[in-house]
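Asker: Sequence plus predicted model, see below.
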Amino acid sequence: MSVLQVEHLYKTYHSYPSHIGWRNERKAKSVEGARFGWLGRWFKQSSEQTGVTALDDISFQLQQGECLGLVGESGSGKSTLARCLLGIESADRGRIVLAGEELGGQSQSEHQLRQQRRHIQIVFQNPTAALNPKLTIRQSLLDPYREYRHQLDLNYFRADREDRFARQLMEAVELPTALLDRYPHQLSGGQRQRVTIARAISIEPKLVVLDEPTASLDVISQAAILQLLAQLKQELGLSYLFISHDLAAVCQLSDRIMVMKEGQIVDRCLRHELFEQERHAYTQELVSIF
Ligand SMILES: Nc1ncnc2c1ncn2[C@@H]1O[C@H](COP(=O)(O)OP(=O)(O)OP(=O)(O)O)[C@@H](O)[C@H]1O
C-alpha cells in the first residue's frame, strides 16, 4: 500500500536584489504591487532572472513499511522537498497525497490541516536544536501526545497513563527511564537523538522524515542510531524518507534510493544497485567521491 504519493511537484524560490530593502520587496510581492505596480513588474522580471528552481517535476511513491533513501549534493533540493511534505513550505504546483488524502487540499479547514500534519513527523540533524532546553525529557516526549491526545488511535504504544507512555517511549529507543527528568544538556548527543526519535514516533505517524539524523553524531553513535531506526521500522511498521549525504548509511537503512540533482530525480534504484557500473553518470560521480 502506498503511504505517500508525490506528483509533479515544482518549487521556485524568487530572490530579490538585496539593495531594494524589505519594505519595497513586500510591496512588490503584494497583490496590487505584483499585478499593477511598476515596482511589481520590475521585481517580477528581476526575480525571474534570479529565481532558483529547487524542485523541478518531482514524482515518486513510498510504500507502507518502506525506507526510501534520498541522496544528492548540497543544494539539490532535498530539504525543500522535506519542507513541502511537512507543510513548512508550499509547492508552486503538484500534489502530495498521504495515505489516500491530499495534503493541503483547497477545501480543508485549519483543523483538518493540523490533523493531517500529525501523520508526518521529522527527525532533524541536530537534536540539540530540536529539543527545548527548558523542558525535561519527559515534557518534550509528551508534547505531541498532549497536543493530539483526543485524536490518537495507537496500535503499538499504550497511552492510557502519561507516565507509562513516557516509559514505553524510552524503552522503545533503549534509553534508561531515569533520564526522563533530566534536561537535554544533561544527555549525550546520541541520547538526545534517541529522544527526538522517540518523540517523532510517539504518535505513530504514517511517515517519518529523517533529515540527516546521524550527521551530528560520532561514528559509534551513528551506527547505533541506524540500527535503532531499522529495528523500530520493523517493529512498528514505520515508513521513512531518509535524506542523507552518507551513502553507506542510506544503503544500510533504505530499501530503495532516489538520487536528486538540481531539483530533479535523476536516478532511482534498489539499494544494492547503487554501486553498480551502469547507473546514471551523476550517481556514479556521487559514488566515486564517497
Ligand atoms: N528560502 C530560500 N530562499 C531562496 N533559495 C532557497 C531557499 N531555500 C533553499 N533555497 C535554494 O534552493 C536550492 C535547494 O536547496 P535545499 O536546501 O533544498 O538543498 P539540499 O539538497 O537540502 O541541500 P543541503 O544538503 O545542503 O541541505 C538551493 O539552490 C538553495 O540555495
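Answerer: Structure's in. What do you need? Here the structure is a predicted model, which means the values were calculated and not measured.
Asker: Can you tell me the SS state at Leu141?
Answerer: Classification of Leu141 using DSSP: H, G, I helix; E, B strand; the rest coil returns helix.
Asker: just checking, it touches Ser202?
Answerer: Yes: the pair Leu141 / Ser202 is scored as a contact, 6.4 Å apart, by CB atoms under 8 Å. C-beta coordinates here come from the backbone N, C-alpha and C atoms, glycine included.
Asker: which residues in the stretch 151-290 of the chain form strands?
Answerer: 207-211, 240-243, 256-261, 264-270 (DSSP state E, counting those that start in this stretch).
Asker: ok, Cys159 - contacts?
Answerer: Residue 159: Ala, not Cys. 145, 149, 152, 165 (CB atoms under 8 Å, 6 or more residues apart in numbering).
Asker: and it, how far is that from the ligand?
Answerer: 34 Å (CB to the nearest ligand atom, to the nearest Å).
Asker: now Ile243, which residues is it bridged with?
Answerer: Using DSSP bridges, the bridge partners assigned to Ile243 are Leu70, Asp211.
Asker: and it, how many residues sit next to it?
Answerer: 24 (other CB atoms under 10 Å).
Asker: quick one: Leu141 from Leu274, how far?
Answerer: To Leu274, Leu141 is 35 Å away according to CB to CB, to the nearest Å.
Asker: out of those two, which sits in the more crowded spot?
Answerer: Neighbours per residue (other CB under 10 Å) separate Leu141 from Leu274, with Leu141 holding more: 26 against 23.
Asker: distance of the more buried one from the ligand?
Answerer: Taking CB to the nearest ligand atom, one finds Leu141 at 27 Å from the ligand.
Asker: related to what we said a few turns ago, mind putting the contacts of Ala159 into TSV with distance to the ligand and pLDDT?
Answerer: Listed next are the contacts of Ala159 as TSV, based on distance: CB to the nearest ligand atom, whole Å; pLDDT from 0 to 100:
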residue	distance to the ligand	pLDDT
Tyr145	30	87
Arg149	33	78
Leu152	31	75
Phe165	33	92
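Asker: For the stretch 1-150 of the chain, give me the ranges with low pLDDT.
Answerer: 15-50, 105-107 (pLDDT under 70).
Asker: Would you mind listing what in it touches the ligand?
Answerer: 13, 15, 52, 54, 72, 74-80 (CB under 6 Å from any ligand atom).
Asker: Pick out whichever of those sits closest to Gly237.
Answerer: For these, the residue nearest Gly237 by CB to CB is Lys78; the value is 24.7 Å.
Asker: Excluding chain neighbours, give the residue nearest to that closest one in space.
Answerer: Ile243 (4.8 Å; CB to CB, 6 or more residues apart in numbering).
Asker: My understanding was that the one you found contacts Ser79; is that so?
Answerer: Yes: contact criterion CB under 8 Å: Ile243 and Ser79 qualify, at 7.2 Å.
Asker: Give me the common contacts of these two.
Answerer: Common neighbours of Ile243 and Ser79 (CB under 8 Å, 6+ apart) are Asp211.
Asker: Run through the helices of the protein in chain order.
Answerer: 22-29, 31-35, 38-50, 78-86, 110-117, 127-130, 137-148, 162-172, 189-201, 219-236, 247-253, 281-289 (DSSP state H).
Asker: Please tell me how far Leu270 sits from the ligand.
Answerer: 22 Å.
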